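Undergrad: Just the structure for this:
(one chain, ligands or ions: 1)
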Amino acid sequence: MSNDALANLLSEDRVFPPSADFAAQANASSEMYDEAAADRLAFWAEQARYLTWEREFDEILDWSDAPFARWFSGGTLNVAYNCVDRHVENGFGTQVAIRFEGEPGDRRDITYAELKDEVCKAANALLELGVASGDRVAIYMPMIPEAIVAMLACARIGAAHSVVFAGFSSEALRSRIDDAQAVVVITADGQNRRGSAMPLKPAVDEAVSQTPTVTNVLVVRRTGSDVDWDDSRDVWWHDIVDRQSPDHTPEAFDAEHPLFILYTSGTTGKPKGILHTSGGYLTQAAFTHRNVFDLKPDDDIYWCTADIGWVTGHSYIVYGPLANRVTQVVYEGTPDTPGKDRWWDIVERHKVSIFYTAPTAIRTFMKWGDELPQSHDLSSLRLLGSVGEPINPEAWMWYRDVIGSGTCPIVDTWWQTETGAIMISPLPGVTACKPGSAMGPLPGIGMAVVDDNQVPVGNGGGGYLVLTEPWPSMLRGIWGDPERFKETYWSRFAGMYFAGDGAKLDNDGAIWLLGRVDDVMNVSGHRISTTEVESALVSHEAVAEAAVVGATDETTGQGIVAFVILRGGVPEETATGEQLVKDLRDHVATEIGPIAKPRQIMVVPELPKTRSGKIMRRLLRDVAEHRDMGDVTTLADPTVMNLIATGLDAGSDED
Ligand code: WT7
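TA: Okay, here's the model as predicted:
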């Protein structure tokens, strides 16, 4: 099948234009595209002026040392001041910033005035511990308000934070502390997970015993568990922070002052420390949050279900939302505790109006059935967002119909740790959406889909997603490794940022993200995305979730192997029968074409996922190709692989 034929299959017939009501009140407007097209840099300068600068910038973009960008040169600002103090100064001190909900059910509202005091006290505590502007501080914390306070306290004194997801191992923490040469680690005794207290400090103790740069460990008491204590190094948060003055004068830093480092995996083993700086990052995080989520700070209750350990938590829990004076829900725990309706219970009680989550969660809820969300009043919701992986049309429709009562606009937002903020997304109230498509680049963003020779593919074509112009929140480099930065992102296509994703433009020019390019299969010389096959499988009524890999095949180059989880309610006889597998293969053939028919389909109870919820296709490929599975330590549940491998051996090839 030709690329064009494949692209045709991707062009959705269903189009959902914005409702007149939504459009009438939307923050975004179609003029934004025109304005940015007429003068991109002036457009970004205008967005930067939503922030409060201590000193106005002299130059919008300095690209003379490309690919090392400098945005808003000469400007100075304090990021924490922009996220907290200025709202208090503007008379919003009593507005609730954070509505915290702990997993055990404890609740705590924190106003902007209270947040300001807490951030100042934490900043003063860090100064007392000897942390200075330019230092690095590692943060290894649960989703509790102190995590946000800790990040803002670092920003306030000009120390770059490096948040390490609390689900990572002590070895992962150690290597990140080491790479960034962090001087302080902020952590907690433990976190609440599925009804029990999970310790955190032991992992820090182990990591820090091998990292000579760390002078102090600051520990928040969360679970009350016993912890080992080193008096020369460990300090309780409540001992040192609570006795500090709530006054701290924020210093204005250069627009390019480092704000944070966040590690993300690359194709090699060593995680990359992605560096983000202050002025450009905050400009784009706030701009996108305001317009893509249509935030109305006086009315909305916003909830992003991400963890601060990922970039989504940085840009869309901490920096973008707080810069925009959000009122937001912060939830500590998992979606299934105490029941599988915990999220919908939270939406109902807090009257959440803007909700941002990941397709993997959406598909999990589909699997759990419609009754759980339908047993709650979700009528407060007015906008839904998706991020992290392609959202298949069926999941998009379910999200819209079952969660969004068939009326909420959905924004499918494409971006990366490296981009710092959303790059490709519909604008709610402006863009007519197709289920499964992220539609197009935001105003001010240069994007193209190019072929191997860097030629733009045009509508109906597929290739590599590239970003053609520098953007304010772009990564400024890989910490300590400028060569790797150039090599990874800027060497494949001259003068363009290579995102590592495959994409297609449909006949209307809407973009369809097809996953990482290493997830694109080649079957008999035809390119087929794992995502396309997964979408086809999930569109079958019996399937809740699917993962597809290309396994080496003597005849066809690669053969497609699919792992599927069935929806709740599929009868046992059907679930275990040969007929279902045949039906699914035929269904894929009908949806995409015989070429995309999986060689093998495995019905499995679970899929191997990282703790951040990404399906680990590498492991599935290893199973499909009968290889040893290697390291499974980053899996949320390593036993899943045994279940799958056992089942696969029992399964048989067809045709
Ligand atoms: C990769 C970046 C951005 C926050 C979470 C992930 C994939 C992300 C989408 C989307 C299709 C998406 C891409 C990208 N991705 N959003 N809306 N549609 N794919 O951040 O861990 O840095 O991963 O996630 O493959 O390259 P990340």
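
Undergrad: In the stretch 501-650 of the chain, what residue comes closest to the ligand?
TA: Residue nearest to the ligand within the stretch 501-650 of the chain (CB to the nearest ligand atom): Leu513, separated by 3.5 Å. In this view, the C-beta of every residue, glycine as well, is placed from N, C-alpha and C.

Undergrad: which one is Met602 nearest to, not counting chain neighbours?
TA: Leaving aside its chain neighbours, Met602 sits nearest to Phe563 (4.9 Å; criterion: CB to CB, 6 or more residues apart in numbering).

Undergrad: Quickly find the element holding the one you found.
TA: Assigned by DSSP states H and E, Phe563 belongs to strand 557-566.

Undergrad: Tell me which helix or strand comes right after that strand.
TA: Later in the chain than strand 557-566, the nearest helix or strand by DSSP H and E is helix 572-576.

Undergrad: where does Ile601 land in three-state SS?
TA: At Ile601, secondary structure determined by DSSP: H, G, I helix; E, B strand; the rest coil is strand.

Undergrad: now Lys367
TA: With three-state DSSP as the basis, Lys367 sits in helix.

Undergrad: Once you drop chain neighbours, what's closest to it?
TA: Take Lys367 and drop its neighbours on the chain: the residue closest to it by CB to CB, 6+ apart is Ala544, 3.4 Å away.

Undergrad: Quick check, the one you found in contact with Ile565.
TA: Yes. Taking CB atoms under 8 Å as the definition, Ala544 is a contact partner of Ile565 at 5.0 Å.

Undergrad: Now the common contact residues for these two.
TA: Applying CB atoms under 8 Å, 6 or more residues apart in numbering, one finds that Ala544 and Ile565 are jointly contacted by Lys367.

Undergrad: between the two, who's got more neighbours?
TA: The neighbour comparison of Ala544 against Ile565 (other CB atoms under 10 Å) goes to Ala544, with 23 against 19.

Undergrad: Next one, pLDDT for the more buried one please.
TA: Per-residue pLDDT puts Ala544 at 93.

Undergrad: Now do the contacts for it.
TA: Here Ala544 is in contact with 363-364, 366-367, 538, 565-568 (criterion: CB under 8 Å, 6+ apart).

Undergrad: In PDB, list the C-alpha atoms belonging to stretch 481-497.
TA: Written as PDB, here are the backbone C-alpha positions of stretch 481-497 (Å, rounded to 0.1, in the frame of the first residue of the first chain):
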ATOM      1  CA  ASP A 481      26.800  17.500  26.900                       C
ATOM      2  CA  PRO A 482      26.500  20.100  24.100                       C
ATOM      3  CA  GLU A 483      27.700  17.600  21.500                       C
ATOM      4  CA  ARG A 484      25.000  15.200  22.300                       C
ATOM      5  CA  PHE A 485      22.400  18.000  22.100                       C
ATOM      6  CA  LYS A 486      23.600  18.800  18.500                       C
ATOM      7  CA  GLU A 487      23.900  15.200  17.500                       C
ATOM      8  CA  THR A 488      20.500  14.100  18.900                       C
ATOM      9  CA  TYR A 489      18.300  16.900  17.700                       C
ATOM     10  CA  TRP A 490      20.000  19.000  15.100                       C
ATOM     11  CA  SER A 491      22.100  16.600  12.900                       C
ATOM     12  CA  ARG A 492      19.500  14.500  11.100                       C
ATOM     13  CA  PHE A 493      18.000  17.500   9.200                       C
ATOM     14  CA  ALA A 494      20.000  20.600   8.600                       C
ATOM     15  CA  GLY A 495      18.800  23.600  10.500                       C
ATOM     16  CA  MET A 496      15.700  21.800  11.900                       C
ATOM     17  CA  TYR A 497      14.900  20.200  15.200                       C
END
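
Undergrad: So that stretch, near the ligand or not?
TA: No. Judged by CB under 6 Å from any ligand atom, stretch 481-497 and the ligand are separated, with a smallest distance of 11.4 Å.

Undergrad: all strands of the stretch 201-350 of the chain, in order?
TA: 216-220, 234-236, 253-254, 258-264, 272-277, 302-304, 328-331 (DSSP state E, counting those that start in this stretch).

Undergrad: Return the set of residues that bridge with the residue nearest to Met602.
TA: Using DSSP bridges, the bridge partners assigned to Phe563 are Ala547, Met602.

Undergrad: Considering the contacts of Ala544, which possesses the most neighbours?
TA: Of all the contacts of Ala544, Arg363 has the most neighbours under the rule other CB under 10 Å, reaching 25 neighbours.

Undergrad: I'm done for today, thanks for sticking with me.
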